[in-house]
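In: Here is a sequence with its predicted model. Questions after.
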Amino acid sequence: MLRTIGVSSFEDLIVDIPEDIRLKRALDILPASDEPQVRKLLEGLAAANRSTSEYVSYLGGGAYDHFIPVAIKTIASRSEFYTAYTPYQAEVSQGTLQAIYEYQSLICRLYEMDVTNASMYDGATALAEAVLMAMNVTGRNQVVVAGKLHPWNSSVLRTYLEASGHNAVIQNVLQDGVGDVAALKELVTESVAAVVVQQPNFYGCLEDVEAIGAVAHANGALFVVSADPLSLGVLAAPGSYAADIAVGEGQPLGTPQSFGGPYLGIFTVKQPLVRKIPGRLVGMTKDRDGEDGFILTLQTREQHIRREKATSNICSNQALNALQAAVYLSLLGKEGLRQVAAQSAQKAHYLAGKIAALAGFSLKYTSPFFREFVVETPIPASDIVEQMLEHKVFAGYDMAAHGESGLLVAVTEKRTKEELDRFVEKLGEIV
Amino acid sequence: MTIPENLRYTKDHEWIKLLEDGSTALVGITDFAQSELGDIVFVELKLPGTTLKEHEVFGTVEAVKTVADLFAPVAGEIIETNSQLDNAEVVNQDPYNAGWLARIKVADPAALQALLDAEAYRQLTGE
């Protein structure tokens, strides 16, 4: 093969790779083995995993342990859906297009926005694309984060902006775990393309979204909201408080936590922005026989047509996760979603009250929250996480990962009163 | 292919027509351009008040399968855009009259003389 392509040795082939970053030894892997042995090894590794089907989980921070009806997997794993992850041969994939169209319609109603795209990679990239879009629309180059974003979403945002030649993320000051609206007014100047807020925020707290939106619009900036779709079962929808672009992490809608992905980036806009939206859009039309049909529409925004002037470099979507979300929303219906959100909130507030009553524990913030809250702990949060594993409990997310104190505890509708009471009891025993 | 004698043209297939006031001009795309683009579905233009350098992009024309930038034939300021463009097909139907795109206050009316005349544009399009 080397002779055919005209190089004399393997080293010649990789001459473009700098000398000092080349691996100078053999790969550190096991010797070749037969299939039964490999299978045994891998099954052993897999068995070391601990999952939420076995453990009681209070882990949140962006990915939540909501119940996933089995019908979702049954439908989503049909090979017609499973093998075609995004519609490249769009119009022959009528079933895939229809599924995406239903997803778009459901998300529009949930967020009370006019247009939803066929989905982005995840909530973080959806947020970053929303900010790039706001810069494109306004011709401005700064972004103000009004409250507490998930730190990883912040990192993704900064990465996207840096790569686009912008590096102007301004963080507003926080007051009791939420953005300080009075301070925000000072930050939103005429150079600001977007004011960004996450609802509920990383601490689980509820931001004053109406006031934040008003500050954004008073200065001609777009109002970008990253909203948890499941929270919209009880909280006001972004469209109702004048969001221009609303995005979100779609994982709570029927996608398992699964080590952090694949997830679903929700992306919605108001009608006047439709030609600036990134990603694929499915539309419904009539074919020549007058029958309903589904198409990819407004494709001239996209890079296979507009090349370097495209609204975004995304040319794919998360079709399977979008399908799962559509099936989830269809199965639960409006009332079901409201109940899941309400139960999650009620159980979270029950647990928060019980934990705060334990000696040495307290809630870090007094701001209203949805289904997640930060607790200050009398011993390091990492010790609590460690010791709770023995009781088959994932106690929560250790905020030390972000240089902050406390344990972030998330509660979903799956938790029973017995589980919550037992968690409180064990916490009391540990400290 | 219609190429009116009284207009000036660019290599990017825009036309420009100095109005009687001597300082403002209408700008549009040529019959050749609309026919190459096919069915035009949307025209997006920068807002009145925008100052343009010569050859600066002042908008886009979107057809079913493609999209093209619009370049300012001369330097100036957009003072009006065609309010009839909500029905973008007017650009296909009548590119030189009802389908005009923008009215520009021209920085230097003499600059139009440097643009192509009808004969030169006819040669460019190979007619």
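Out: Okay, I see it.

In: And the residue of chain B closest to chain A?
Out: In chain B, the residue that lies nearest chain A is residue B:67 (4.2 Å; CB to the nearest CB). Yep, even glycine has a C-beta here, placed from its N, CA and C like the rest.

In: Can you give me the distance of that residue to residue A:88?
Out: 20 Å (CB to CB, to the nearest Å).

In: neighbour-wise, which of the two wins?
Out: For residue B:67 versus residue A:88, neighbours defined as other CB atoms under 10 Å in any protein chain shown are more numerous around residue B:67 (24 against 12).

In: before we move on, what SS does the closest residue in space to residue A:112 that isn't next to it in sequence have?
Out: Excluding the flanking residues, the one nearest residue A:112 by CB to CB, 6 or more residues apart in numbering or on different chains is residue A:239, at 3.0 Å. Here residue A:239 is helix, with the state taken from DSSP: H, G, I helix; E, B strand; the rest coil.

In: Contacts only, for residue A:239.
Out: Counting by CB atoms under 8 Å, 6 or more residues apart in numbering or on different chains, residue A:239 touches A:111, A:112, A:113, A:114, A:246, A:268, A:270.

In: Same question for residue A:342.
Out: Neighbours of residue A:342 in contact, by CB under 8 Å, 6+ apart: A:233, A:234.

In: Let me know the pLDDT of it.
Out: Residue A:342 carries a pLDDT score of 98 in this model.

In: Next: residue A:357.
Out: 97.

In: From residue A:363, how far off is it?
Out: 11 Å.

In: quick one, which of the two is more surrounded?
Out: The neighbour comparison of residue A:357 against residue A:363 (other CB under 10 Å) goes to residue A:363, with 18 against 11.

In: residue contacts, the closest residue to the more buried one other than its chain neighbours?
Out: Nearest residue to residue A:363 in three dimensions, chain neighbours excluded: residue A:356, at 5.1 Å (CB to CB, 6+ apart). Going by CB under 8 Å, 6+ apart, residue A:356 touches A:362, A:363, A:375.

In: Can you list phi and psi of the closest residue to residue B:56 other than its chain neighbours for me?
Out: Closest residue to residue B:56 in three dimensions, ignoring its sequence neighbours and counting by CB to CB, 6+ apart: residue B:72, at 5.0 Å. Note on residue B:72: its backbone torsions stand at phi -70, psi 120 [degrees, to the nearest 10].

In: I'd guessed residue B:72 sits against residue B:55; true?
Out: Yes. Using CB atoms under 8 Å, residue B:72 is in contact with residue B:55, at 6.3 Å.

In: These two: which is more packed in?
Out: Neighbour count, other CB under 10 Å: between residue B:72 and residue B:55, residue B:72 has more, with 27 against 14.

In: which outside residues touch stretch A:213-226?
Out: Taking CB under 8 Å, 6+ apart as the rule, stretch A:213-226 contacts A:123, A:126-127, A:130-131, A:134, A:137-138, A:140, A:144, A:146, A:149, A:153, A:181, A:184-185, A:188-190, A:192-199, A:209, A:212, A:238, A:241-249.

In: Okay, and which of those residues map to helices?
Out: Secondary structure from DSSP state H places A:123, A:126-127, A:130-131, A:134, A:137-138, A:153, A:181, A:184-185, A:209, A:212 of the contacts of stretch A:213-226 in helices.

In: Having no further points to raise, I will conclude here.
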